[in-house]
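Novice: Just need the structure, nothing else, for what follows:
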Amino acid sequence: MAGLFKREKYLGKIRSFFHDDDIIKVITGVRRCGKSCLMETIADELRSSGVSKENIIYIDLDKRGYRKIKEPDQLETLIDSMATADGLKYLFIDEIQNVEGFEELLNGYRRDGNYSIFITGSNSYLLSGELVTKLTGRYLEFELFPLSFDEYEEMKQFYGKAVNSNPQAELTGFILEGGFPRTVLMDDIDSKRTYVSGVIKEIFEKDIRRRVKIKDVAAFEAVRNYIVNNFGAVTSINSLHEALRKNGLLIGRETVTKYIQILLDAKILYECPRFDMKSKRSLSGEKKYYLADLSFFFAMNTDNQINFGPALENIVYVYARSLGYSVSVGRIGKLECDFIVRDNDMNYAYLQVAYTILLSKDTEDREYRPLEMIRDNYNKYVLTTDYLLQKRNGIRHVNLMDFICHDQRF
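Specialist: Take a look at the predicted model:
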């Protein structure tokens, strides 16, 4: 094995905080997306930079020997027994939610100074009210996603896995296989699907069932399956409620809303709000939902039929979020812009995503018209799998695979 694959786009966000002892670094993301490996990579970088191994305290609370640690006092005793070095210590704790009431303990170490603290854990718990209320202003969240298409390519090369010379075939493979890091090391699609199915069960058992009371599991799974099977489609609570009612499931709108929030908290889904370009207001009610990883869809369905429209949107959505952009859907009159992305400097870009625009003039017009109606001077893109590219009214037509694999920003 070649060691740990470095996920540079995330390391680059965290590096400037490596040595800060006044801010707790919280790494979040769906289960098995690579949070523990990212934390191990940070520890490796610290050692390589000259930090003594005695100053690095790494505790995985899911590991044998640490599983009985459930109380803050037990964790405090363990940390103190390992904190034998002088100077700044780097404290890494994986699966911190295993210790009830960990917030006050970590805040104590933060207040004492001399501890740079990094934690990961179950998202449905880490992002709950306890963390927000007890550590507000004292922590930073770094959100990790499964591999984006560029990382998928890089990781395959890093571990010596075959990369198809045809970029479109590689893209199709990525859509079907998904981006969970562990699956890159597997050689057949059945093993990858079995692994992802196991992740889905693990999320339900560990991140949902232990934290939230779900009286009607069948109804919850119906809501989950509907959203997963209709990712990328405009969805409202009313339309979802009505679809379930037609299928004989009589559950209230409040329950539907609760179930969707549970899926968002577990980071199975991401919510993409809609924004009206004329009124400059968010549109309430209708939203789009994208998957943390496309493998969720294929692990829960029996065929390999790809609907490239929402699949490509999902890929672009995850890529934009992995670079730190805020993402929404834009409405311009009766037309829709697939994505409005905004960076931390409040720069915008407008994106249309399609498999191809070369089939007909109508197809080309459908993708360009929403962007042509936007009157500001921010960048506008049409992203497709085409290699024959064109220009129209200052709008950039780019190949989606090349754009992402060259780690370009919008």
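
Novice: tell me which element residue 285 falls in.
Specialist: strand 281-291 (DSSP states H and E).

Novice: Give me the contact list for the helix or strand that that strand is followed by.
Specialist: Later in the chain than strand 281-291, the nearest helix or strand by DSSP H and E is helix 295-299. Applying CB atoms under 8 Å, 6 or more residues apart in numbering, the external contacts of helix 295-299 come out as 146, 176-180, 183, 192-193, 196-197, 200, 228-229, 231, 268, 291, 304. The C-beta positions use only the backbone N, C-alpha and C, and glycine is treated the same way.

Novice: Low-confidence ranges, this protein, go.
Specialist: Scanning the chain with the threshold set as pLDDT under 70 gives 1-2, 127-130, 278-280, 282-283.

Novice: Phi and psi next, for residue 303.
Specialist: Phi and psi for residue 303, reported as degrees, to the nearest 10, are phi -120, psi 170.

Novice: Look up how far residue 297 lies from it.
Specialist: From residue 303 across to residue 297, the span is 11 Å (CB to CB, to the nearest Å).

Novice: repeat for residue 387
Specialist: Per CB to CB, residue 387 is found 27 Å from residue 297.

Novice: Between these two, point out the one with more neighbours.
Specialist: residue 297 (22 against 11; other CB atoms under 10 Å).

Novice: and residue 150, which of the three is it?
Specialist: Secondary structure for residue 150, judged by DSSP: H, G, I helix; E, B strand; the rest coil, is helix.

Novice: Surely residue 131 touches residue 28?
Specialist: No: using CB atoms under 8 Å, residue 131 is not in contact with residue 28, being 10.1 Å away.

Novice: does the residue nearest the centre of the chain count as helix, strand or coil?
Specialist: Among the residues of the chain, the one closest to the centroid is residue 145, at 3.2 Å (CA atoms, centre = their mean). Under three-state DSSP, residue 145 falls in the coil class.

Novice: That one: what's it in contact with?
Specialist: When contacts are counted by CB under 8 Å, 6+ apart, residue 145 touches 29, 30, 33, 179, 292, 293, 318, 321, 322.

Novice: Tell me how far the fourth one lies from residue 319.
Specialist: Using CB to CB, we find residue 179 at a distance of 10 Å from residue 319.

Novice: Please enumerate the shared neighbours of these two.
Specialist: By CB under 8 Å, 6+ apart, the residues touching both residue 179 and residue 319 are 148, 149.

Novice: what ranges do the helices span in the stretch 201-350 of the chain?
Specialist: 217-229, 237-246, 253-265, 295-299, 308-322 (DSSP state H, counting those that start in this stretch).

Novice: With respect to residue 105, which of those helices lies nearest?
Specialist: Nearest to residue 105, of all the helices of the stretch 201-350 of the chain, is helix 253-265, at 23.0 Å by CB to CB.

Novice: and the closest one with strand 281-291, angle?
Specialist: Orientation note: helix 253-265 sits at an angle of 60 degrees relative to strand 281-291 (axes from the mean of the first three to the mean of the last three CA atoms, to 10 degrees).

Novice: i'd like the first residue to be 616 from this point on
Specialist: Noted, 616 is the first residue going forward, which turns the last one into helix 868-880.

Novice: How far does helix 868-880 sit from its chain's centre?
Specialist: 18 Å (CA atoms, centre = their mean, to the nearest Å).

Novice: Stretch 960-969 too?
Specialist: Counting by CA atoms, centre = their mean, stretch 960-969 is centred 19 Å from the centre of its parent chain.

Novice: Could you pull out the buried residues of it?
Specialist: For stretch 960-969, burial by neighbour count (16 or more other CB atoms under 10 Å) applies to 963, 964, 965, 966, 967, 968, 969.

Novice: do stretch 860-878 as well
Specialist: 864, 866, 870, 871, 874, 875, 877, 878.

Novice: Equivalent analysis for stretch 763-777, please.
Specialist: Buried-residue list, stretch 763-777, by 16+ other CB under 10 Å: 763, 764, 765, 766, 767, 768, 769, 770, 771.

Novice: measure the fourth one to residue 709 for me?
Specialist: Per CB to CB, residue 766 is found 21 Å from residue 709.

Novice: Kindly report the same for the last one.
Specialist: Shown here: residue 771 relative to residue 709, a distance of 26 Å by CB to CB.

Novice: This completes my enquiry, with thanks.
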